[in-house]
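K.L.:
need a 3D model of the sequence below.
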Amino acid sequence: MPRVTYADRLKAIITNPAVSSRDQGFAESLLGSYTRRGSLSAGRKRCLLQLEERYSPENLAKAAENPIHERLAAVASRVAVGTWDQGFV
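P.N.:
You can find the predicted model right below:
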């Protein structure tokens, strides 16, 4: 079984469709740093762990059960596509 590196873990976050564009960009930045240096600082490791926890299957399932998502979906259906409003919702 091949070893799972920080690069593998960061790539999994980057390719996860549930990840926000902001977090995806941050993970790409962390991956670039890891690629250049060959390691992550303690603070960057902590950030990686926080991203992994935020987008864990358990937390995503819990978030999907939240009734606010139904309300946001209803609002999203009423805003114009490609506008700032859509990005906000």
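K.L.:
can you give me the neighbour number for the closest residue to Leu51 other than its chain neighbours?
P.N.:
With CB to CB, 6 or more residues apart in numbering as the criterion, Leu51 has its nearest non-adjacent residue at 5.3 Å, and that residue is Ile13. All C-beta atoms are positioned from the backbone trio N, CA, C, and that covers glycine. Using other CB atoms under 10 Å, Ile13 is surrounded by 21 other residues.
K.L.:
cool, and Tyr55?
P.N.:
Here the number of neighbours of Tyr55 (other CB under 10 Å) works out to 18.
K.L.:
again, but for Leu51
P.N.:
22.
K.L.:
okay, how far is it across stretch 5-25, tip to tip?
P.N.:
19 Å (CA to CA, to the nearest Å).
K.L.:
distance check, the most centrally placed residue in the chain against Tyr34.
P.N.:
Compute the mean C-alpha point of the chain, and by CA atoms, centre = their mean the closest residue is Val19, 2.9 Å away. Distance, Val19 to Tyr34, by CB to CB, to the nearest Å: 17 Å.
K.L.:
with Val79 instead?
P.N.:
On the measure of CB to CB, Val79 and Tyr34 end up 37 Å apart.
K.L.:
ok, these two, which is more surrounded?
P.N.:
Tyr34 (20 against 14).
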